[in-house]
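1. Output the structure for:
(chains A, B, C, D, E and F)
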6 protein chains.
Amino acid sequence: MRPSGRQPDELRKIALTCHYTKHAEGSVLVEFGDTRVICTASIEDRVPPFLKGKGGGWITAEYGMLPRATHERTGREAAKGKQAGRTMEIQRLIGRSLRAALDLEALGERTVTIDCDVIQADGGTRTASITGGFVALSLAVRHLLKQRRLKVNPIHGQIASVSVGIYKGAPVLDLDYKEDCEAETDMNVVMNDAGAYIEVQGTAEGHAFRREELDAMLVLAGKGIGELLAHQREALEQSKLG
Amino acid sequence: MRPSGRQPDELRKIALTCHYTKHAEGSVLVEFGDTRVICTASIEDRVPPFLKGKGGGWITAEYGMLPRATHERTGREAAKGKQAGRTMEIQRLIGRSLRAALDLEALGERTVTIDCDVIQADGGTRTASITGGFVALSLAVRHLLKQRRLKVNPIHGQIASVSVGIYKGAPVLDLDYKEDCEAETDMNVVMNDAGAYIEVQGTAEGHAFRREELDAMLVLAGKGIGELLAHQREALEQSKLG
Amino acid sequence: MRPSGRQPDELRKIALTCHYTKHAEGSVLVEFGDTRVICTASIEDRVPPFLKGKGGGWITAEYGMLPRATHERTGREAAKGKQAGRTMEIQRLIGRSLRAALDLEALGERTVTIDCDVIQADGGTRTASITGGFVALSLAVRHLLKQRRLKVNPIHGQIASVSVGIYKGAPVLDLDYKEDCEAETDMNVVMNDAGAYIEVQGTAEGHAFRREELDAMLVLAGKGIGELLAHQREALEQSKLG
Amino acid sequence: MRPSGRQPDELRKIALTCHYTKHAEGSVLVEFGDTRVICTASIEDRVPPFLKGKGGGWITAEYGMLPRATHERTGREAAKGKQAGRTMEIQRLIGRSLRAALDLEALGERTVTIDCDVIQADGGTRTASITGGFVALSLAVRHLLKQRRLKVNPIHGQIASVSVGIYKGAPVLDLDYKEDCEAETDMNVVMNDAGAYIEVQGTAEGHAFRREELDAMLVLAGKGIGELLAHQREALEQSKLG
Amino acid sequence: MRPSGRQPDELRKIALTCHYTKHAEGSVLVEFGDTRVICTASIEDRVPPFLKGKGGGWITAEYGMLPRATHERTGREAAKGKQAGRTMEIQRLIGRSLRAALDLEALGERTVTIDCDVIQADGGTRTASITGGFVALSLAVRHLLKQRRLKVNPIHGQIASVSVGIYKGAPVLDLDYKEDCEAETDMNVVMNDAGAYIEVQGTAEGHAFRREELDAMLVLAGKGIGELLAHQREALEQSKLG
Amino acid sequence: MRPSGRQPDELRKIALTCHYTKHAEGSVLVEFGDTRVICTASIEDRVPPFLKGKGGGWITAEYGMLPRATHERTGREAAKGKQAGRTMEIQRLIGRSLRAALDLEALGERTVTIDCDVIQADGGTRTASITGGFVALSLAVRHLLKQRRLKVNPIHGQIASVSVGIYKGAPVLDLDYKEDCEAETDMNVVMNDAGAYIEVQGTAEGHAFRREELDAMLVLAGKGIGELLAHQREALEQSKLG
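-> Sure thing, here's the model as predicted:
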C-alpha cells in the first residue's frame, strides 16, 4: 500500500502551466502532485569561453529551492555563500539531460539557461525539473523560431524524467517524499520519445538491489515516461492556442 | 500620464493569497500588479547567540529573486557565492520593519524567519515583501496560538509598506518598473495602523527633492498604506474561514 | 539633557584636516567629536563595464572600520571573507549621495573611488563619511583641474550629511554613540547647498514616529547641514592656501 | 579495436599497494592502468551533528586531483576557493557506496573519512577510488579490531566498482581516457560480493542507449567487478603477512 | 647616496604616539618616516580552542592596509573576500614575534589581538608594525596590571624590528619605498633587548647575497634595533606621565 | 642525541625520482627521509596580466598537503574554501626561490607553475619542495629545449634548500618532525651553487638565538646544501639516460 493510495504504476497528478512568468523566453510551472517547480529558459547571444568561435550553442541548468520549500527550513545557499553538493549534482544532471534533446550546432552561438526553482518539495524535484525544463526549452526555441532568429528547430527529440524505486519490497513509480524516505532503492530515469535512455541513476539506500528489481523498475519508468511525454505534448499544444 | 494609465494616487491591483505553500507555519503570495513575491514565515525554537538566555525572541528576514524574475536574467547569488549589497539592504529593511510590529519579549525564545522570494519583478518588490511579510508573520503567530505554544498574541500593531516617487514632475503612488526607471525621486515608506512611521527612505535619483515634494509624497504614502492595511485585514479574515 | 551637555540643535566639534595622507588625489580626516574617519578619493582612468564607451564617469564608495574603532573589537571583514550587510548599506548610501553632487558626464571616462575608513567610532560614522567624502572628492577634482585633465569643474552642488533623532522624547541633532544606543528614532539626512534633499533615511528604533516628530527632525537637520557646509567651504579654502 | 589493444571484457592492469603512507589508519595506492589514486581511511572518535548521541557511526569521502594529474594543468580547487560540481558529485558517490558495505551501528560513534587523491588520471578515477577506498576502509577497521576498540567487524559486504561503456558501437569494460572521450555511453557500476547493485549511473554522451546496450554493459560490469573483488581480497590477505 | 640623503646606518624619523585611539586597551600610532601604522591591542577573556582549559594565554596579530595607503589604490581585501598571501605572511610574522616577548602562561586565559593597520605606506610596514605592536601590547598589559586583573607583568623582554638591505651595492638600514623597490636584498630582523634574534628573514631580490653581506646587514640591524628599543622605552615612559 | 640516531650534520636519506608522473612537462618525487613530495612543472604559453607584452616569463608555485599526509587528518583546503596562511607563506617562498634560479627574460612569454604536493609529511616539507621543485623545473626546461621552443637554457644557477635548527642546545641539520616539534630555533636556508644565499628564514621557537648559534647553523646549512646539489645533479644526469 502506498501512503497516497496510488497504484504501484501510477503517477501523481501532473500539471504543466506554460507562460507562468512573463519575462523569460520560456517558462512553465510543473507540478508532480505537491512538488512544484518553476522552470524558465533564458536565451543569451553568447557562449561560454570553451565554445567561443566554434559556431555551436550551449544549454546549462541551475537548480535551487526556496528555503521553506521543505518540511524544515533549509538555509539559503546565497547566504551560506556556496551551493550544496546535492544542488550541483542535480543541476549537472538537468543540463546534461536537456543537451541530449537538442542539436547544439543548430542552436547557433547562444546559451540557453534553464532555471529550476522549487517552490514546494514533496519528492522527485529533479525529475519534475527535467520534465518541466524540456517544456521551458521548447517554448524558448519556439520564441526564437517565431522571431526568425532560428530557421530550423534544433530540438531533435522529446525527453522526460521520472523516479522509480523499491518501496516496502515492491517496485513503485514516481515516489513522493514519504516513500522516498523509506525506499530501499531509488532510481531516476531520463528517456527520450524513442524509448532510449539518456540517464539511469539507481542508488541502493537500504540494501543492494538485484538484477530483477532493476528490470522491474525500468519497466515502470518506461510506462511513466510515456505518460509524461504525452502531458508535455498536450501542454505545448495548448500553449499555442492560448 | 502614468504608463499604466493609473491615477497618481492609485495602487496597482493588490492580491494576497494565504497558505500559498504547505510546509511553512505562515505563507502568502503577495501581488502588487505584476510584482509577485512568495513570503513564508518559519518558526524555530531557538534564538541567535546575542539573545540566548534573555527570554525574548527574534524576527529576521531573507530576500531573494529568482534569476529570471527580471527582464534580463540576473546571476544566481548562490552560484556567485555572495549576496549583493542591494539584497542585504532590502532584507535588513524587511526584518527591521517587521520587528516593529511585535513585542519580541512576548514571542518567547523563538526565531521567526521571513523569507521573501520574488517570483516576478515589476517594481516595488521590497514594499510588497514587507506588506506580505506581515501577513505571513500573522499566520505563523496564529499557528502558535492555535497550538497553545503562545498564550498572548505578541503582535501589537499592523504594518504595511508602499513606494511613492516623483515621476515626470508629479508625485505618484506605488511605482511600477517603468516609472521606477525614470523617477526623479523614489521613496519607500513603512507605516503602522496608528498612522506613524516605521521607516522613511527617500532617495533623489535625478535631482534633489524639495520639502514640499517630500510632504506630497508622504500624503500619498499614507493613503496607499491605509488601503494596504485593509487588504491585509481582509486576507487574514478570509484565511480563517477558508 | 544630552549626555554630552550639548544643546538639542548643537553639532559636536567638527574638524576637517585636508591632505591627511600623501598618496591619494584627495584626502581628509573628518572628525565629528570623537568619530574620526579618513576619507580618500582615488582617480582611475577607467569605468565599470556597464559604462564603457558611453563617455561618462563614475563615483563609487567603500566603507570600512578598523577592528578596534569600536568599544568591543569587531572581527575584521577581510578575515571573515565578506562584508557585513551594514557595511554594504553604508557604502551604497555614500556613493549614491556623492554621485548627486557631480555631473558624471562632465567627469569624463574616469572612476573616483571614495574610501571611508573609520579610525574611531562614536556614532554618526556614515554622516561623517559623506561630509568628509565630499571634501575628498572636491580635492581630487581640483587636482584634475590643476593637471588640466579636466577643463570644467563637474561638481554642481555641495553636499553634506548629518543625523538627527528622538532622544528621551526630544528631537536632537548629530547623535553620539550614547544617544544613538537609546534613541527611539534615528534619521540620516543628506542635503545640498540649495536646501534640497538627496537622501532621507528615518528608522524607528523604539516606537514609530509621528509626522510632527519627522518635521522637527528635518528642521534640525537643515540647521546642522548649513553649518557643515560652512565647515567644508572653510576647509577647502584653507587647503588652497596651505 | 580498443586503443590499448585490450579485449572488450578485459580490465586494465590492476594493482593495490597496501600501507602506502604511514600516518593513516588505512592506506592504499590503487592503480587501474595509468590511473593512480591514493586512498586513505582516517578514524576520528566523533560523529557529525546529525548523528550525535544516536550510537551509530559515519563514513564520508573526499576526492581531489593533483593539479597536474591531468593532460592540461587543472586549477587547484583550494586556490579557487571552491570545489567543482564534478568533485562534489564524485565524493558523494564514493561515500554513499562505502556506507553500503558496513553496518554503521556496529561501527560505534566514530567517523571514518576516506580521502581519494588522484596522483595521475587516465579515466575511471571514481571507480578506482571506490575500489581502493574499500581496501583502505578494511585496513582501518582491521586496525580498530587489533586495538580492541571494536569487538565485531562491522563490514558486512565487499564492494568494488568499474566503468563500462559503448565505444565505437561495442560494449567495453573499464574505459581508459582515450575511450572515455569518444564513448557514446558511459556507465559506472558499484556492486557487492553477492552480485547485487549499490549504484548504477549510466549517461548517454552521444546518443541515447537502448535497453539491450544497457543489458550488455551490465554483464561486462559484473565480470569486471568479480575480478576486482578478487584483487581486493588478495591485497588484503597479502597485507596481513607483510 | 640614499634617495632620502640619509647615512647608510641612519633610521628614518621615528615617532610613537601612545593612546592614539580611545577604545583599545593599548593603542599607538607608529611612524617610520612617512610610513604610518595604527597598532591597537585588544584583550578578550577567552582563548582559541586549542588552548582551552590549559591555563595559558595567546597573542595573535592581524594586519591590513587602507586601500589608498599605497601609491596606486589597492583593492580592499574585505571586498575581494580574502586576504592576500602577503597579508597572511606579515600577520603571522607579527604574532610570532610578539609571542616571543611574553610569558603566555603568566598572561592567564586571555587573548590579546594586535591589529596593525597601515594608514600610509612608504616601506617597512611590517617592521613598524612589530615595533609599534610591542608598545600597544605593553600598554594593554599595563592596563591589566592597573585593573589588578594581572598581578605579575608577563612581559619578559622588549622587542623591536627593522629592515636592512643591499642598495646599490651597499648595506643600508631601514629602507624606504624607493630603496625597497631597487634593493638587491631585503632583510627583516626582529631582536630583543638582550641582543638575540627572534626572526631573521633575508630575501635576495636581485642576485644572491654573500656571507659577508649578510654579516654587514646584521650589524646594521643591531644598531637600528638598539635605537628603536630606546624610542619604545621613552614613549612608554612618557605615556605614564601624560 | 637525535631521535633518528643521525649525526648533527647528517641529512636524512635523500631520493629524487624523475618522471614520476606522465602528464607534466617535468615531474619528480622528492624524499627527505619519510617526507615525500610530488613536484611537477607545468608550462603554459601565457603570462599573468602584469607581465603581458613585456616579453619575459614567470615562475609561480603552489603547495598543498594531502589531508592525511600528517599524523592527524588536516581538513582539506578545497573543502574549507581557502588556503591557510601557512600554505600561502610556503608557496610564496618556493616561487621566489625558484625565480632566482632562472633568467625570466630568457624564458620567453611563458608561465611555469611548480606544484608541490605533500604525500607524506615528516618535517622539512618546504625545503624538500624547493629542492624537488628545482629538478622539476630543470626537466621542464629540458623539454622546451628538446622541442626547440627554447634555444638557450634560461637556468643560470642551481638551487637547493635545507632546514637547520637548535635541538636540545645543539645545531643540527635537516630536522625531522620529532626534532622540529621540540627545536628552540628553526631556520630554512635556500642557497645556490655559488654558495650564496637566496633566502634565510630563522625563527626562534623557544628562546631567542644568539649570533654564534646563527653562524653555526649557517655552516651546517652550507654543508647540507652542497650534498643536495650533488643529489640533484645525479638525478638529472640519470634521467637523461633512463
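2. Output the helix or strand where residue A:203 lies as PDB, restricted to C-alpha atoms.
-> Using DSSP states H and E, residue A:203 maps to strand A:197-204. The C-alpha coordinates for strand A:197-204 follow below in PDB (Å, rounded to 0.1, in the frame of the first residue of the first chain):
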ATOM      1  CA  TYR A 197      17.900   6.100 -22.100                       C
ATOM      2  CA  ILE A 198      19.600   9.400 -21.500                       C
ATOM      3  CA  GLU A 199      20.400   8.800 -17.900                       C
ATOM      4  CA  VAL A 200      19.900   5.900 -15.400                       C
ATOM      5  CA  GLN A 201      20.900   6.600 -11.800                       C
ATOM      6  CA  GLY A 202      20.000   3.900  -9.300                       C
ATOM      7  CA  THR A 203      21.100   4.100  -5.700                       C
ATOM      8  CA  ALA A 204      20.600   1.400  -3.100                       C
END
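3. where exactly do the helices run in chain A?
-> Taking DSSP state H, the helices of chain A run over residues A:77-80, A:85-99, A:104-107, A:125-146, A:177-182, A:211-241.
4. quick one: the second one near chain F?
-> Yep, that's helix A:85-99 we're talking about. No. Helix A:85-99 lies apart from chain F when judged by C-beta under 8 Å from any C-beta of the partner chain; the minimum separation is 10.4 Å. The way it works is simple: take the backbone N, C-alpha and C, and place the C-beta from them, glycine included.
5. what packs against that helix?
-> When contacts are defined as 3 or more C-beta pairs under 8 Å, 6 or more residues apart in numbering or on different chains; DSSP states H and E, helix A:85-99 packs onto strand A:58-65, strand A:111-120, helix A:125-146, strand A:159-167, strand A:185-192, strand A:197-204, helix D:85-99.
6. now the angle from the second one to helix A:125-146?
-> Think strand A:111-120. Counting by axes from the mean of the first three to the mean of the last three C-alpha atoms, to 10 degrees, strand A:111-120 points 140 degrees away from the direction of helix A:125-146.
7. can you check the last one too?
-> With the same axes, to 10 degrees defining the directions, helix D:85-99 sits at 150 degrees from helix A:125-146.
8. what pLDDT, on average, does helix D:85-99 get?
-> Mean pLDDT, helix D:85-99: 96.
9. which parts of that helix are buried?
-> Neighbour-count burial for helix D:85-99 flags D:85, D:87-99 (criterion: 16 or more other C-beta atoms under 10 Å in any protein chain shown).
10. what sits up against that helix?
-> Helix D:85-99 is touched from outside by A:85-86, A:88-89, A:91-92, A:203, D:58-64, D:77, D:114, D:116, D:125-126, D:129-130, D:133-134, D:137, D:159, D:161, D:188, D:190, D:198-199, D:201, F:78, with contacts defined as C-beta atoms under 8 Å, 6 or more residues apart in numbering or on different chains.
11. Just the buried residues of these.
-> Buried among these by 16+ other C-beta under 10 Å: A:85, A:88-89, A:91-92, A:203, D:58-64, D:77, D:114, D:116, D:125-126, D:129-130, D:133-134, D:137, D:159, D:161, D:188, D:190, D:198-199, D:201, F:78.
12. any idea which residue sits dead centre in chain A?
-> Nearest to the geometric centre of chain A sits residue A:130, at 1.1 Å (C-alpha atoms, centre = their mean).
13. Contacts only, for that one.
-> A:93, A:94, A:97, A:98, A:159, A:160, A:161, A:190.
14. ditto for residue A:151
-> Going by C-beta under 8 Å, 6+ apart, residue A:151 touches residue A:145.
15. any idea which of the contacts of residue A:130 is closest to residue C:15?
-> Each of these was checked against residue C:15 using C-beta to C-beta; the closest is residue A:94, at 59.9 Å.
16. Verify the contact between residue A:157 and residue A:103 for me.
-> No. Between residue A:157 and residue A:103 there is no contact under C-beta atoms under 8 Å: 9.7 Å.
17. on that earlier part again, what residue, apart from its backbone neighbours, is nearest the residue nearest to the centre of chain A spatially?
-> residue A:161 (3.8 Å; C-beta to C-beta, 6 or more residues apart in numbering or on different chains).
18. which strand residues sit across from the one you found in the sheet?
-> In this entry, residue A:161 is beta-bridged to residue A:190, by DSSP bridges.
19. you'd agree it is up against residue A:190?
-> Yes. Using C-beta under 8 Å, residue A:161 is in contact with residue A:190, at 4.3 Å.
20. Need the overlap of contacts for these two.
-> In terms of C-beta under 8 Å, 6+ apart, residue A:161 and residue A:190 are both contacted by the residues A:97, A:127, A:130, A:199.
21. Name all residues that make contact with the residue nearest to the second one when sequence neighbours are not counted.
-> In other words, residue A:127. Sequence neighbours aside, residue A:161 is the residue nearest to residue A:127 in space, at 4.1 Å (criterion: C-beta to C-beta, 6+ apart). For residue A:161, the contacting residues are A:97, A:126, A:127, A:130, A:131, A:188, A:189, A:190, A:191, A:199, A:225, A:228, by C-beta under 8 Å, 6+ apart.
22. Next one: residue A:161, what pLDDT does it get?
-> Predicted confidence (pLDDT) for residue A:161: 98.
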